[in-house]
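Undergrad: Provided below are the primary sequence and the corresponding predicted coordinates.
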There are 2 protein chains.
Amino acid sequence: MNNRYKITFAYDGTKFAGFQKQPKQRTVEGTLTHIVNKMAQKSGRQIAIYGSGRTDAGVHALGQVAHFDFPYELSEESMLKGLNSMCPLDIEILKVQRVNDDFHARYDVTGKKYLYRLDLGQFTDPFKRNYTAHWRFPVDFGRIKLAIQDYVGTHDFSSFVASGAKDGSRVRTVFSVKANWDKDANEIQLEFYGDGFMYNQIRIMVGVLMEIGQGKRPIHDIKRLIKVRDRNEARLTMPANGLYLKRVFYPGDDPKHSVRKHHLDDQN
Amino acid sequence: MNNRYKITFAYDGTKFAGFQKQPKQRTVEGTLTHIVNKMAQKSGRQIAIYGSGRTDAGVHALGQVAHFDFPYELSEESMLKGLNSMCPLDIEILKVQRVNDDFHARYDVTGKKYLYRLDLGQFTDPFKRNYTAHWRFPVDFGRIKLAIQDYVGTHDFSSFVASGAKDGSRVRTVFSVKANWDKDANEIQLEFYGDGFMYNQIRIMVGVLMEIGQGKRPIHDIKRLIKVRDRNEARLTMPANGLYLKRVFYPGDDPKHSVRKHHLDDQN
């Protein structure tokens, strides 16, 4: 008999070599796997963690999701406290839910939301160095506001995918893109919501947007990039430290977009 | 002939063994001294940095001040860019001013303002672990608001000084204390402005305030603590990572408090 738990958690990606377990590296998956197995030590069972998808080294999460099967029946509250008491300070379990045995953190994904933060200060802000990209060039926010809409919709994003990405279709649907200029924080914040993102896709999309804001590209260059399907055209990959996995969506979370699309997600 | 520069700078204290230069330790003063001497290498002169005062390991600064004499005449803008180009990412020079030869970053201090941040979340927030103290107990903010006023004024703060502090008068003047409950950030922020603070004084003052908020001390216990002049009564020293040196004041900065009081400042 299984007790399946869905956990929602945040992490500061600074000191992790990404989400995915790797030998001899400190990863989020590796850390959580170790903790859960420690908690279930006496059962003699090996427990695997299934994340919603990977994130790259340095990328943060505000709401990553994973599931696992636990040999003992623990209340959600006990599991929450138990996990947090063992987590290092750069991971926090935000929520624990008992779920049916057919729930799968990866296969059931219907969408993902990412946030990208850019600090506009002249020099690097010591308190933001790990939490924002630093954009030190002039930027016309009005141009960015106009350009973001060109990402929305179902497109072939071949121009926006890292060369190392998996084979397969490069067609993805972006449900929405929002741009916010937070003047108090002196930051531009970009939010991407879609059915799945490929390796480095968001970091490349942000690079193009910023070059449009800088005036180095025409306002509607994204339309052209989508057509040409050529990675060399998009140039810049923005740094990992500005990127946050904000939320993972599952059936029912957003009635407008409730189709399982896990096969489309290879992002980080 | 001297070219004296006053610099205002921020630092993330997480990875520094405090402000003050120490052999074989990474300190803010040591780092800046190294940079300034590197910039003036060809002059063959040894340049010393004079800070407004020390901060402890882990304590941050939003507006620390120092001065130094430079063998070459550089514009404020060039000095700002030159220093920042050599600073590690956890130090940022915010402002450079040419000042008269009689300006002294330490002797001319008329007051200091500190900020203390407490995160109220149930578990440690991974993004705040180095930037706030974590207060996980219930707290009645109304009690804190009432209690803070008891610190204001000229008092003997013997109950609020670390055992390792220098000898001398423990009389200090607190000009103001402000308490803010930032509900969005789920934080309590406390701001202390005074003519000088002794070693650990603010971290001890915050500990007392939080115990008042928690109901473990009567609302006006600060009045009693001031009277008894006994360090053992104050107990808690709050962690360094919630503390920020926010601003250093010099004659003219605040017309209401313009008397030089550097000899009163031994804080961090």
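TA: Everything's here; your move. Numbering: from 1, shown residues only, chains lettered A, B, ... in the order given.
Undergrad: Which residues of the stretch 101-250 of chain A lie near chain B?
TA: Contact residues of the stretch 101-250 of chain A with respect to chain B, defined by Cβ under 8 Å from any Cβ of the partner chain, are listed as A:123-127, A:129, A:131. Bear in mind the C-beta positions are built from the backbone N, C-alpha and C, glycine included.
Undergrad: Would you mind naming the residues that bridge with the residue in the stretch 151-268 of chain A that chain B sits nearest to?
TA: With distances taken as Cβ to the nearest Cβ, the stretch 151-268 of chain A approaches chain B most closely at A:Tyr244, which sits 9.5 Å away. Each beta-bridge partner of A:Tyr244 is listed here: A:His60, A:Leu115, as defined by DSSP bridges.
Undergrad: who touches it in this structure?
TA: The contact partners of A:Tyr244, by Cβ atoms under 8 Å, 6 or more residues apart in numbering or on different chains, come to A:59-62, A:114-117.
Undergrad: count of residues packed around A:Glu73?
TA: A:Glu73 has 11 neighbours, counted by other Cβ atoms under 10 Å in any protein chain shown.
Undergrad: was I right about it contacting A:Arg4?
TA: No. Applying Cβ atoms under 8 Å as the test, A:Glu73 and A:Arg4 come out as separate, 11.0 Å apart.
Undergrad: Would you mark the buried spots in stretch A:42-62?
TA: If you call a residue buried by 16 or more other Cβ atoms under 10 Å in any protein chain shown, then stretch A:42-62 has these buried ones: A:47, A:49-62.
Undergrad: State the pair within those that is farthest apart.
TA: A:Ile47 and A:Gly58 (27.2 Å; Cβ to Cβ).
Undergrad: in chain A, which spans are strands?
TA: For chain A, strands defined by DSSP state E occupy the ranges A:3-11, A:50-51, A:60-70, A:91-99, A:111-119, A:133-134, A:153-156, A:171-182, A:187-194, A:243-249.
Undergrad: low pLDDT regions in chain A?
TA: Counting by pLDDT under 70, chain A shows low-confidence ranges at A:1, A:262, A:265-268.
Undergrad: And the helices in it?
TA: Assigned by DSSP state H, the helices in chain A fall at A:28-39, A:76-86, A:141-147, A:201-214, A:221-228.
Undergrad: Which residue ranges make up each domain of chain A?
TA: Domains of chain A are assigned by automatic domain parsing as A:3-99, A:111-251.
Undergrad: B:Asp221: which of those is closest?
TA: Set against B:Asp221 and scored by Cβ to Cβ, the domains of chain A come closest in domain A:3-99, at 31.4 Å.
Undergrad: Let me have the domains of chain A in JSON lines, adding distance to B:Lys261 as columns.
TA: Output for these, formatted as JSON lines (distance: least, Cβ to Cβ, whole Å):
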{"stretch": "domain A:3-99", "distance to B:Lys261": "38"}
{"stretch": "domain A:111-251", "distance to B:Lys261": "28"}
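Undergrad: Out of those, which gets nearest to B:Ile202?
TA: Comparing those against B:Ile202 with Cβ to Cβ, the closest turns out to be domain A:111-251 (19.2 Å).
Undergrad: show me what contacts A:Met198?
TA: Residues near A:Met198 by Cβ under 8 Å, 6+ apart: A:157, A:160-162, A:165-166, A:170, A:172, A:266-267.
Undergrad: where's the residue of chain A most remote from its centre relative to chain B, distance?
TA: For chain A, the C-alpha farthest from the mean C-alpha position belongs to A:Lys42; by Cα atoms, centre = their mean, that distance is 34.2 Å. If you measure A:Lys42 against chain B using Cβ to the nearest Cβ, to the nearest Å, the figure is 25 Å.
Undergrad: what's the answer for A:Phe137, then?
TA: Distance, A:Phe137 to chain B, by Cβ to the nearest Cβ: 15 Å.
Undergrad: my guess is that residue meets A:Glu211, correct?
TA: No. With contact taken as Cβ under 8 Å, A:Phe137 and A:Glu211 are classed as non-touching, separated by 9.1 Å.
Undergrad: Of those two, give the one with the bigger neighbour count.
TA: When A:Phe137 is set against A:Glu211 and neighbours are counted by other Cβ under 10 Å, the residue ahead is A:Glu211, at 19 against 11.
Undergrad: Surely that one and A:Ala234 touch.
TA: No. Using Cβ under 8 Å as the test, A:Glu211 is too far from A:Ala234 to be in contact (9.2 Å).
Undergrad: Around the closest residue to A:Ser176 other than its chain neighbours, how many other residues sit close by?
TA: The spatially closest residue to A:Ser176, leaving aside those adjacent along the chain, is A:Tyr193, at 4.8 Å (Cβ to Cβ, 6 or more residues apart in numbering or on different chains). Using other Cβ under 10 Å as the criterion, A:Tyr193 is surrounded by 20 other residues.
Undergrad: can you list the strands of chain A in a markdown table and add distance to B:Lys24?
TA: Output for these, formatted as a markdown table (distance: least, Cβ to Cβ, whole Å):
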| stretch | distance to B:Lys24 |
| --- | --- |
| strand A:3-11 | 33 |
| strand A:50-51 | 41 |
| strand A:60-70 | 33 |
| strand A:91-99 | 32 |
| strand A:111-119 | 33 |
| strand A:133-134 | 31 |
| strand A:153-156 | 56 |
| strand A:171-182 | 41 |
| strand A:187-194 | 37 |
| strand A:243-249 | 36 |
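Undergrad: my guess is A:Ile7 meets A:Arg98, correct?
TA: No. The pair formed by A:Ile7 and A:Arg98 falls short of the contact definition of Cβ under 8 Å, at 10.8 Å.
Undergrad: the more surrounded of the two?
TA: When neighbours are counted by other Cβ under 10 Å, A:Ile7 and A:Arg98 differ, and A:Ile7 comes out ahead with 24 against 15.
Undergrad: Just give the closest residue to A:Val36, not the sequence neighbours.
TA: A:Ile47 (5.0 Å).
Undergrad: pretty sure that neighbour contacts A:Lys38?
TA: No. With contacts counted by Cβ under 8 Å, A:Ile47 stays clear of A:Lys38, the gap being 9.9 Å.
Undergrad: circling back: dump the residue contacts of the residue nearest to A:Ser176.
TA: Here A:Tyr193 is in contact with A:111-114, A:174-177 (Cβ under 8 Å, 6+ apart).
Undergrad: Check those residues for burial and list the buried ones.
TA: Buried positions within the contacts of A:Tyr193, assessed by neighbour count (16+ other Cβ under 10 Å), are A:111-114, A:174-175, A:177.
Undergrad: And these, which is closest to B:Asn200?
TA: Each of the buried ones among the contacts of A:Tyr193 was checked against B:Asn200 using Cβ to Cβ; the closest is A:Tyr114, at 42.1 Å.
Undergrad: Many thanks, I have nothing further to ask.
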